[in-house]
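K.L.:
Have a look at this prediction, sequence included:
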Amino acid sequence: MSQAKENKGMSLLKKGKKSMLKAIFSRFGLIAVLLVLQVAVVFGIFEWFNAFLPHIYGGSVLLSIFMVLLVLNSKHDPTSKITWLIVIMLLPVFGSLLYLFVRSDIGHRALKKRVNQINDQTKNILPQSIQTAEHLKETAPGVAALAHYIRRNGGGNVFENTRVTYFPVGEAKFQELLRQLEKAEKFIFLEYFIVEEGVMWGRVLEILVRKAAEGVDVRLMYDGTCEFARLPHDYPKMLEGLGIKCKMFAPISPFVSTHYNYRDHRKILVIDGHTAFNGGINLADEYINCIQKFGHWKDTAVMVEGEAARGFALMFLQMWSIDERELDFDRFINVPARTDICSEGFVIPYGDCPLDSEKVGEQVYIDILNRAQRYVHIMTPYLILDGEMESALQYAAERGVEVSLILPGIPDKKIPYGLAYTHYASLMESGIKIYEYTPGFVHAKSFVCDDREAVVGTINLDYRSLYHHFECATYMYGTDSVADIERDFVETRGKCRFITRQALRNEKFSRKAVGFVMKAVAPLL
């Protein structure tokens, strides 16, 4: 990274722009004050109801009974039901009104309608190759069934003639990303959860600005939570002044809303419709270890070249078009195929939308576990499991499959770190092996199974990813990259500490206490 440090690229923010004092008196500071005031008013109303309701309706018991029945008959998963029941029983009025507010989903009704509309209008714009589908069915019937499920639920197509390159660290992806950006001729699409000024974004931005000046269509979308501490509200306007089209997904607003619960956690970069990047790596310096926040940052990504790149272009355009009046897809999707790529295997780029009832990301993971015969190796930064996911992991191990997980040795957040610990004992009882990465923080999200199939993407093993975020991933079957992913897992495992029964008993009390206390509300985090 010495070369990267010598050239820090472009910066649009003046030194000190993100200081605490300026943040307090900025638009974000005003929004924060307004949100706090709204929360205070809401709590005041709850307290008023808490004192007033018993005199009118004979107490909160009737309300609790009604709400319990409502929760039990809802479509929530069993773990979420238990959590809501606990909240309602402990705080009948507050818990009941909070549940009704969340269930109403007022903040995302319009978004859900628009997303469904776009998906309906574009579902056939990239038709599934019948020949590829039949080839997969002949090669691996179980995987073909999974591919059918993914496509049926808006996930994506299965492609052949796609080369996949695996990057075991952010630094490797960064260098290749710069090389590929230099080759762009028609368009560059970027969709990231986090963008922050520094070496990584500065070098990328430098190329984007130059390409935009050359006539390349450059578009960037990033999640609105970046406004909390990373980028100012007017950053999109700064980029537009340089010829880059830019949007924030669900920007922060001064109104309490359920829309804060749904974030765009995806990481997609598409170049000219024939090359795409996907994985856990955002556009910030910690992801390439230019700075160290939690020791060494272990992350992974893939580059897909060929037919499957169009699947990521489609995913990007579907999100980009949410606030567009007219859909403009054809010229970006129907691009000439690269004739220089003839690789083995199948690739499925797929997304997961939190606005429907299907947990595509979780179902793909469970499907891999259920079909596994020898091993499933997993890297994830968080381990906050619902009942279905935990049962699938345990069942695979109890069938004799070697199931191993690598998690962070140095956490970025104390609560998820404590909650992960609460799953260790039950998983280990089923024979699952757990490792913690002692050099630092694992941010990779990957599954690899039986030397034949793998997933690399943005989907963590926690409620936020599996239920509440827009996510995406790359599924691979029979590609050369599967061996690289397994090799990286084995090498990373060599840098980890193996969690034994004794290690569980000797774990710090603070971690045990955090997990014990927060377990009841884990699905709400």
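P.N.:
Cool, the structure landed.

K.L.:
Can you list the residue ranges for helices in the stretch 101-250 of the chain?
P.N.:
109-122, 130-139, 141-152, 170-182, 199-213, 235-240 (DSSP state H, counting those that start in this stretch).

K.L.:
With respect to N73, which of these lies nearest?
P.N.:
Nearest of the helices of the stretch 101-250 of the chain to N73, taken as CB to CB: helix 109-122 at 21.3 Å. Just so you know, the C-beta spots here come from the backbone N, C-alpha and C atoms, and that holds for glycine as well.

K.L.:
Now do the closest one: everything it contacts.
P.N.:
105, 154, 250, 259, 262, 314, 317-318, 321-322, 327, 329, 353, 355 (CB atoms under 8 Å, 6 or more residues apart in numbering).

K.L.:
re earlier: weakest of the helices of the stretch 101-250 of the chain by average pLDDT?
P.N.:
Ranked by mean pLDDT, those bottom out at helix 109-122, which scores a mean of 87.

K.L.:
Now do the buried residues in that helix.
P.N.:
Using 16 or more other CB atoms under 10 Å as the test for burial, helix 109-122 gives 111, 114-115, 118, 122.

K.L.:
could I have that helix exported to PDB, CA atoms only?
P.N.:
The C-alpha trace of helix 109-122 is given here as PDB (Å, rounded to 0.1, in the frame of the first residue of the first chain):
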ATOM      1  CA  ARG A 109     -45.100   1.600   1.800                       C
ATOM      2  CA  ALA A 110     -44.400   3.900  -1.200                       C
ATOM      3  CA  LEU A 111     -40.900   2.400  -1.700                       C
ATOM      4  CA  LYS A 112     -42.300  -1.100  -1.600                       C
ATOM      5  CA  LYS A 113     -44.900  -0.200  -4.200                       C
ATOM      6  CA  ARG A 114     -42.300   1.400  -6.500                       C
ATOM      7  CA  VAL A 115     -39.800  -1.500  -6.100                       C
ATOM      8  CA  ASN A 116     -42.400  -4.000  -7.000                       C
ATOM      9  CA  GLN A 117     -43.400  -1.900 -10.000                       C
ATOM     10  CA  ILE A 118     -39.900  -1.700 -11.300                       C
ATOM     11  CA  ASN A 119     -39.300  -5.400 -10.800                       C
ATOM     12  CA  ASP A 120     -42.500  -6.300 -12.700                       C
ATOM     13  CA  GLN A 121     -41.500  -4.000 -15.600                       C
ATOM     14  CA  THR A 122     -37.900  -5.300 -15.800                       C
END
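
K.L.:
and that helix, how far from the chain's centre?
P.N.:
Between the centre of helix 109-122 and the centre of its chain there are 20 Å (CA atoms, centre = their mean, to the nearest Å).

K.L.:
Serialize the buried residues of helix 109-122 to CSV and add fields for distance to L283.
P.N.:
As requested, those are exported to CSV (distance: CB to CB, whole Å):
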residue, distance to L283
L111, 24
R114, 26
V115, 24
I118, 25
T122, 26
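
K.L.:
Where does pLDDT dip in the protein?
P.N.:
Filtered on pLDDT under 70, the chain yields the residue ranges 1-6, 15-43, 45-61, 105-107, 253-260.

K.L.:
Dump stretch 229-247 to PDB, keeping only the CA atoms.
P.N.:
The C-alpha trace of stretch 229-247 is given here as PDB (Å, rounded to 0.1, in the frame of the first residue of the first chain):
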ATOM      1  CA  ALA A 229     -20.300  10.800  10.100                       C
ATOM      2  CA  ARG A 230     -18.600  10.200   6.700                       C
ATOM      3  CA  LEU A 231     -20.000  12.600   4.000                       C
ATOM      4  CA  PRO A 232     -21.900  15.900   4.100                       C
ATOM      5  CA  HIS A 233     -25.400  16.200   2.800                       C
ATOM      6  CA  ASP A 234     -24.400  18.200  -0.300                       C
ATOM      7  CA  TYR A 235     -21.700  15.700  -1.400                       C
ATOM      8  CA  PRO A 236     -23.900  14.500  -4.300                       C
ATOM      9  CA  LYS A 237     -24.000  18.000  -5.600                       C
ATOM     10  CA  MET A 238     -20.300  18.300  -5.400                       C
ATOM     11  CA  LEU A 239     -19.900  15.100  -7.500                       C
ATOM     12  CA  GLU A 240     -22.600  16.300 -10.000                       C
ATOM     13  CA  GLY A 241     -20.500  19.400 -10.500                       C
ATOM     14  CA  LEU A 242     -17.700  17.100 -11.700                       C
ATOM     15  CA  GLY A 243     -20.000  15.200 -14.200                       C
ATOM     16  CA  ILE A 244     -20.800  12.300 -11.900                       C
ATOM     17  CA  LYS A 245     -24.500  11.400 -11.400                       C
ATOM     18  CA  CYS A 246     -25.000  10.700  -7.700                       C
ATOM     19  CA  LYS A 247     -27.800   9.700  -5.300                       C
END
